[in-house]
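**Q** The following comprises the amino acid sequence and a computationally predicted model.
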Amino acid sequence: MKELLLSLALCFQLASNGLAQQQPNLPPPPKPTDQKPAQDPAPQKPDDIDVVKITTNLVQIDAVVTDRKGTHVTDLRPDEVEMLENGKPQKITDFSYVKMSRPAAAANKPSENTGPSIPVPPKQPRREEVRRTIALVIDDLRMSFDSVRFTKQALKKFLDEHVQPNDLVAIIRTAGGTGALQQFTSDRNQLNTAVEKLKWVPRIGNSAQAFQRIEQETIDIGERNMLDNTNELDDLNQMRKDVFSIGTLGALNYVVQGLREMPGRKSVILFSDGLQLFNPSEPAGSSRLLNSLQLLLDQANRASVVINTMDVRGLATFGLTAVDNTWNMSWEAVEAKLSQRKENFFDSQSGLNYLAERTGGLAFRNNNDLDAGVKRVMDDQAGYYLIGYRPDDSTFASVDGKTKFHRVTLKVKRRGDYTVRTRTGFYGVTDEQLKASNATPQQQLMGALLSPFAASGVQLRLTSLFSNEATQGSVLRSFLHIKGSDLTFTKEPDGTHKAVFELVSVTFGEDGKLVDQFADQHTITLTEALHQKITRYGFTFNTIVPIKKAGAYQLRTALRDVASNRMGSATQFIEVPDIEKDRLMTSGLLIKGMPLDQYLKGLAAGSVPTSDEESDPMANTSVRQFRTGSAMIYALGIYNAKLDKTTGKPNLTIQARLFRNGELVFTGKEVPFELRDQADPKRLGGGGAIQLGTEMKPGEYVLQIVVSDLLAKGKHRVTTQWMDFEIVQ
C-alpha cells in the first residue's frame, strides 16, 4: 500500500481534460422529510447476568418457552425439561428463569400549563446500568427502494416508542458506513441521524420495488432501449446476490464480535429483502456460504446474541403488478417469470428463517406491519431460562485435529403444546481457549479495526473508489478523512505542534481472505497556522491498494491517538469489475465542491482550479458536504470505449442525475464527450459540474453519472456510477 499526498488536487488530474463536459444546471428543490420527535421513558435497572457459557465445567444456554398462544411460560421446573447433547440426555446442574425488568411508561409529555417539554441531554449508561443491547442491522446491500422506505418508517417508530434510556442501540448498514454512526449509544439524536443516513443503494439487481419488474429483457436509460442477453443478465444478478449474501453475513459477523463484550443477553434484528443461502446451479458457492454461516452462528451463540429476522418485503403478491410490462411476451413466458418470482421469494426467506431458528430468535415474514414485528421482538425479551449441564471430556476432544460441532436440544416434558426456542449447538472449544486479551494498545487497535462500533474517539470518514491504471492495473484508491481536533497535539519548544498516531488498514476479499494490510506510526509536525487549519477542518490520507482479481471487497481502517489512546474506525464495501472483459466501464466517482464564480472563472479560462486553497475544505471528495449555490464538480475514468474506425475517436455521452430518498429529482442533458489530448483511448477521463440550487433542502443525496457509448451494441452501451453527498446549511 502506498501513501500519497494529503492534498486531493492530484486525484482530479485523472479527468482534468474532461471536466468541462457538463455545464452547471439547477436541480429542482427536493421535498422535505418529516421526523417525529423522540420520547424519553423513565430508566430501569438491568439484570446483568452472564448468559451463554461453554467451559469444561459448565455448558449453559438460554431458552424461551411459549405456549400455543405465544405466551411466555415462566414456571417450569428442572424435572419438566430434558437437555440433550448430540441426542444424549444430560444431567441439568443449573436452572433458573431470568425475568427482564419492564420500563415504566413515559411521563414527560407536556401539560397544558407547562408548555412544550425541554429535551433532556442524553446520558450514556454505564455497563452495570445497561438493560438491553440491540443491534439493528439494515441489509441495504440488497434492499429495494420500497423496502428501504418501509424500514426507515419502522426504525423511526421503534426509536420513538420502544427505545428506553438504559438501552444501548446500534444501527448498522451492511453496505458499510463512516463508523461514527455505527456505535452503540442511547442518544436518540444520533440514532435518528443514522436512520436518516439510510438510503437506497442503486445497484444492478437492486430495483425500486421488492420484485424485479417483468418485461422484455431490456434496459431503459433515458430514451434508449437496449436488448439484453437473458442468460448473461441472470448469471450477473445471481453472482451479485451471492456476493451480497457474503457481505451480509460478514456484516453480521462484525456485529456479533462487537456485541461479545456487551453485558447480558443481546438481540440483533436483521431487516432484509431475503437471504438466499442455497444456489442449486452453484453448489460450491452454497458451500462457502454455509461454512461462513456455521461460524457466524457459533460466534453468535457464544456471545449470547439472538438474531431475529424481518423480511421487509411484507405480504407479497406473486401475480402481475402495475410495474410489470408483458407486451410482446407469450403467456407461457409470463407464467415462467411468475413461477420463478415465487420460487426466488421463498428461497430467499429460507436463509432468514435459518438464522433466527439457530440462535433462538424470531423470523417475521409475510406481514406489512413492520412495527408489529419489532414490537413482537421487544415483547419476546420479557424473560428467558438459563439451563446448564456439566459436559464430559469428549465434548472438547478433537478428532483428527478437527473440532466437532455438538448439537443441543431442549425438550419440555410437561403435558401440553409448547414451543422451545434456543441455541442449536456449539463447537467443542471452551470460551477460555477463544477469549483474546485486549490488554495492549496494539490489541485494542486491532479490536477497533474488527468492530464497527467500539471506536469513535477519533472521527474518521472513509471513501474508497475503484480505478484502473496502465502501470498499476486495477486499484482501490481510498481517502481517509481524520478529524484533526480529535488528535492530541503537543506544543514543541520551537512553537510547532506535534501529534503521533498509529494507523492500520486491511482489505478483505469477498471470501473473507486478507488482500492487503498496512500498519504504521505517523508523526505530524505543524506550524501554528497549519495547526489551526487542521484542527478546524481535519486532513485526508490517500492510499492505493492494488487489486489483482475482480469481485467484492471490504476496506477497514482504524486509528489510535498515541497520547490519549483514543480510537477511531471506518469501513466500506466496494465492487471491482473485470476490465479485461472489454466492456464499457467506469472508475469510481470523484466529487468535490467550490464556489460557483470560482468554477465559472476557471471554465472561461479553459481549466478548473485545483489549488490547495479551498474556500470550504469540507467540500472535498473525502467529506462531500456541499453548500447550496456552489458548483459540485465530478470526475471519473471511462474504460473500453469503442473507437470509430474512420476517425479513431470514441462517441460517448455523459449525463448527470440526482436522487433524493430514492426519487429522481434532476436529470441533466446528455452531453457529448469531447476528446482532449488523452493519449490512452482505453482509459479516458470525463467529468463536469452541476450547480446546487439555493432551494435544495439539507440532507442526503446521490449523484449518478450515466455514460453511453453510441458505438457499442447491446447492454454494454451504457454504464453508470454513483456517489452520495450531503447538502448542509
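**A** That came through, no problem. Please read all numbers here as calculations on a predicted model, not as lab measurements.
**Q** Tell me which helix or strand the residue lying closest to Ile591 once chain neighbours are set aside sits in.
**A** Among residues not flanking Ile591 along the chain, Tyr634 sits closest, at 4.8 Å (Cβ to Cβ, 6 or more residues apart in numbering). Quick note: C-beta positions are derived from backbone N, CA and C, even for glycine. Following DSSP states H and E, one finds Tyr634 within strand 631-639.
**Q** Would you mind getting the angle between the helix or strand just after that strand and strand 631-639?
**A** Next in sequence after strand 631-639, counting helices and strands by DSSP H and E, comes strand 652-660. On the basis of axes from the mean of the first three to the mean of the last three Cα atoms, to 10 degrees, strand 652-660 is oriented at 130 degrees to strand 631-639.
**Q** Extract the residue ranges of the stretch 151-300 of the chain that are flagged as low pLDDT.
**A** 176-183, 201-247, 261, 263, 278-289 (pLDDT under 70).
**Q** End to end on stretch 665-672, go ahead and measure it.
**A** This stretch, stretch 665-672, spans 22 Å end to end (Cα to Cα, to the nearest Å).
**Q** hang on, the earlier thing: strands paired with the strand holding Tyr634, and their directions?
**A** Take DSSP bridges as the rule and strand 631-639 pairs in its sheet with strand 585-586 (antiparallel), strand 590-594 (antiparallel), strand 683-691 (antiparallel).
**Q** Grab the CA positions of the last one and hand them over as CSV.
**A** Extracted in CSV, the C-alpha atoms of strand 683-691 (Å, rounded to 0.1, in the frame of the first residue of the first chain):
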residue,chain,number,x,y,z
ARG,A,683,-8.6,4.9,-20.3
LEU,A,684,-10.4,8.2,-20.9
GLY,A,685,-11.1,11.0,-18.3
GLY,A,686,-14.5,12.5,-18.2
GLY,A,687,-16.4,14.8,-15.9
GLY,A,688,-18.3,18.1,-15.5
ALA,A,689,-20.1,20.1,-12.9
ILE,A,690,-23.6,20.8,-11.5
GLN,A,691,-24.8,23.9,-9.8
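**Q** Would you mind giving the strands paired with strand 631-639 as a markdown table with mean neighbour count, mean pLDDT and distance to Gly373 added?
**A** A markdown table is the format used below for those (neighbours: other Cβ atoms under 10 Å; pLDDT from 0 to 100; distance: least, Cβ to Cβ, whole Å):
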| stretch | mean neighbour count | mean pLDDT | distance to Gly373 |
| --- | --- | --- | --- |
| strand 585-586 | 22 | 91 | 39 |
| strand 590-594 | 25 | 87 | 38 |
| strand 683-691 | 25 | 89 | 40 |
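**Q** Turn those strands into TSV, including distance to Leu658.
**A** TSV is the format used below for the strands paired with strand 631-639 (distance: least, Cβ to Cβ, whole Å):
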stretch	distance to Leu658
strand 585-586	18
strand 590-594	12
strand 683-691	7
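**Q** so which of these comes closest to Leu487?
**A** Between Leu487 and the strands paired with strand 631-639, the shortest gap by Cβ to Cβ is with strand 590-594, which sits at 23.6 Å.
**Q** Figure out how far the closest one is from the centre of its chain.
**A** 24 Å (Cα atoms, centre = their mean, to the nearest Å).
**Q** same question, stretch 680-687
**A** 31 Å.
**Q** What is the neighbour count of Tyr384?
**A** By other Cβ atoms under 10 Å, the residues close to Tyr384 number 26.
**Q** wait, isn't it in contact with Ile61?
**A** No - if you go by Cβ atoms under 8 Å, Tyr384 and Ile61 don't touch, sitting 9.8 Å apart.
**Q** Which residue is most remote from the mean position of this structure?
**A** Farthest-out residue of the chain from its mean C-alpha position, per Cα atoms, centre = their mean: Thr646, at 47.0 Å.
**Q** Need the pLDDT of that residue.
**A** Looking at Thr646, its pLDDT is 91.
**Q** ok, and the closest non-adjacent residue to Arg365?
**A** Leaving aside its chain neighbours, Arg365 sits nearest to Asp311 (4.1 Å; criterion: Cβ to Cβ, 6+ apart).
**Q** Provide a list of residues in contact with the one you found.
**A** 272-274, 349, 352, 363-366 (Cβ atoms under 8 Å, 6 or more residues apart in numbering).
**Q** try 10 Å this time
**A** 147, 210, 270-275, 345, 348-349, 352-353, 363-367, 370, 373 (Cβ atoms under 10 Å, 6 or more residues apart in numbering).
**Q** mind listing which of the residues you listed are in helices?
**A** 147, 345, 348-349, 352-353, 370, 373 (DSSP state H).
**Q** out of these, which is most surrounded?
**A** Ser147 (27 neighbours).
**Q** ok, now which ones touch the nearest residue to that residue once chain neighbours are set aside?
**A** Excluding its sequence neighbours, the residue lying closest to Ser147 (Cβ to Cβ, 6+ apart) is Val312, at 4.4 Å. Counting by Cβ under 10 Å, 6+ apart, Val312 touches 138-139, 143-144, 146-151, 154, 210, 270-274, 364-365, 368, 370, 373.
**Q** Common neighbours of Tyr384 and Ile61, please.
**A** 51, 360, 422.
**Q** What is the neighbour count of the last one?
**A** When neighbours are counted by other Cβ under 10 Å, Thr422 registers 21.
**Q** Can you tell me the element the residue nearest to it when sequence neighbours are not counted falls in?
**A** Of all residues not flanking Thr422 in the chain, Ala63 sits nearest, at 3.7 Å (Cβ to Cβ, 6+ apart). Secondary structure from DSSP H and E places Ala63 in strand 59-66.
**Q** Summarise which helices and strands that strand is packed against.
**A** Contacting strand 59-66 under the criterion 3 or more Cβ pairs under 10 Å, 6 or more residues apart in numbering; DSSP states H and E are the following elements: strand 53-54, strand 81-85, strand 92-99, strand 383-389, strand 405-412, strand 419-422, strand 425-427.
**Q** at 8 Å instead, please
**A** Under the contact criterion of 3 or more Cβ pairs under 8 Å, 6 or more residues apart in numbering; DSSP states H and E, strand 59-66 touches strand 53-54, strand 383-389, strand 405-412, strand 419-422.
**Q** Okay, now the sheet partners of the third one, with direction.
**A** By that I understand strand 405-412. strand 81-85 (antiparallel), strand 425-427 (antiparallel).
**Q** partners of the residue nearest to Arg365 in the sheet?
**A** Assigned bridge partners for Asp311, using DSSP bridges, are Ser272.
**Q** could you measure it against Leu168, distance?
**A** Distance from Asp311 to Leu168, counting by Cβ to Cβ, to the nearest Å: 26 Å.
**Q** same deal with Gly401?
**A** 40 Å.
**Q** what packs against whichever strand or helix holds Ala448?
**A** Assigned by DSSP H and E, Ala448 belongs to helix 441-450. Judged by 3+ Cβ pairs under 8 Å, 6+ apart, the packing partners of helix 441-450 are strand 497-509, strand 551-561, strand 567-576.
**Q** Please convert these to CSV, extending it with mean neighbour count, distance to Gly388 and mean pLDDT.
**A** CSV is the format used below for those (neighbours: other Cβ atoms under 10 Å; distance: least, Cβ to Cβ, whole Å; pLDDT from 0 to 100):
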stretch, mean neighbour count, distance to Gly388, mean pLDDT
strand 497-509, 20, 36, 90
strand 551-561, 23, 36, 85
strand 567-576, 24, 35, 82
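**Q** so which of the ones you listed gets nearest Leu603?
**A** strand 567-576 (31.3 Å).
**Q** Can you list the helices and strands that the closest one packs against?
**A** strand 176-177, helix 230-259, helix 441-450, strand 460-469, strand 473-482, strand 551-561.
**Q** Double-check that Lys199 belongs to a strand.
**A** No - assignment of Lys199 by DSSP: H, G, I helix; E, B strand; the rest coil gives coil, placing it outside any strand.
**Q** Per-residue pLDDT of the residue lying closest to it once chain neighbours are set aside, please?
**A** Nearest residue to Lys199 in three dimensions, chain neighbours excluded: Glu700, at 5.7 Å (Cβ to Cβ, 6+ apart). For Glu700, the model assigns a pLDDT of 82.
**Q** May I see the buried residues of stretch 82-89?
**A** Residues of stretch 82-89 classed as buried under the neighbour-count rule (16 or more other Cβ atoms under 10 Å) are 83, 85.
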